[in-house]
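**Student:** Got a sequence here, can you model it:
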Amino acid sequence: MLPRPLTLLVACAAVLFVAHAAHAQADLKAIVLKHLTTSRDFTLKVAEQMPDADYGFKLTPPQMSFAEQMAHLASDQGALLSPFTTGKPAPSKPASMSKKDVIAYVRQSFDQSIALVSKLTPAQIETTKQLAQTLHNTTKPLYQQIEPLEDQLHSQLDAASPDACAVGNTVVQIAGLRDQIRDARKDFDEAFSAILTPEQLAKYEALKDAARIGEEEGE
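**Tutor:** All right, here's what the predicted structure looks like:
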């Protein structure tokens, strides 16, 4: 099973490469670079608008703060491309959660990603796009089936006298669909690993190990 941070990495890959499937004849590298540049500029604009004193703001105590959300976003987009770099990995978090340090981290993470995409080979980009398209086509209908089942489950649990059998059946259906999604992500992970050079693969495996550690620490 892929840990949650790595699951998000795979999801980012699907969004990044599938979002522009209609432009298959265009220069994919240029499209991705434009996407990253736009995302960087928008994210920095949002980060600049938040007052320094409010960088610790949370909607609810269990959630990440604004600063943590900004850092999380930057690190995830960087993680997507980290297997392709042969240089020193970017820091995994800002020096602090102050406005100045978070903005510097966001800028550094996006700028490094933009530099990395510029160096990707056409074959690696094209293969990753195809893998992400397959993942998207496989998981989208599964997610569409899960959503109404989750609504159904909430209604069942909110009933005055919940039917244990009905609740159990819904839970089993949701779990089965999630298993199929996990299997599709595993297939993507294995196929993606196969196109990497030995050095890139070592970095990708290190990334997965770090994600597993993060998952364990969050439990």
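**Student:** CA only for contacts and neighbour counts going forward, please
**Tutor:** Noted.
**Student:** Backbone dihedrals for residue 55, please?
**Tutor:** phi -70, psi -20 (degrees, to the nearest 10).
**Student:** Offset the numbering so it begins at 851, please.
**Tutor:** Okay, residue one is now 851; in that scheme the one you just asked about reads as residue 905.
**Student:** what kind of secondary structure is residue 895 in?
**Tutor:** helix (DSSP: H, G, I helix; E, B strand; the rest coil).
**Student:** For burial, what's the neighbour tally of residue 1020?
**Tutor:** 18 (other CA atoms under 10 Å).
**Student:** Contact partners for it?
**Tutor:** 999, 1002-1003 (CA atoms under 8 Å, 6 or more residues apart in numbering).
**Student:** and residue 981, how far is that from residue 1052?
**Tutor:** 20 Å (CA to CA, to the nearest Å).
**Student:** which of these two has more neighbours?
**Tutor:** It is residue 981, of residue 981 and residue 1052, that has more neighbours when counted by other CA under 10 Å, with 20 against 14.
**Student:** Go through the helix or strand hosting residue 888 and flag the buried ones.
**Tutor:** Element membership for residue 888 (DSSP states H and E) is helix 878-899. Under the neighbour-count criterion of 16 or more other CA atoms under 10 Å, helix 878-899 has 878-879, 882-883, 886-887, 890, 893-894, 897 buried.
**Student:** which element follows that helix toward the C-terminus?
**Tutor:** Next along the chain after helix 878-899, taking DSSP H and E as the criterion, comes helix 916-931.
**Student:** which stretches of this protein aren't confidently modelled?
**Tutor:** For the chain, applying pLDDT under 70 flags the ranges 851-876, 928-942, 1053-1054, 1056-1069.
**Student:** remind me, longest helix of it?
**Tutor:** helix 972-1008 (DSSP state H).
**Student:** Moving C-terminal from that one, which element do we reach first?
**Tutor:** Next along the chain after helix 972-1008, taking DSSP H and E as the criterion, comes helix 1014-1044.
**Student:** Burial check on residue 955, number of neighbours?
**Tutor:** Neighbour tally, residue 955, other CA under 10 Å: 24.
**Student:** brain fart, residue 999
**Tutor:** Neighbour tally, residue 999, other CA under 10 Å: 16.
**Student:** does it really touch residue 1026, like I thought?
**Tutor:** No. Using CA atoms under 8 Å, residue 999 makes no contact with residue 1026, being 11.6 Å away.
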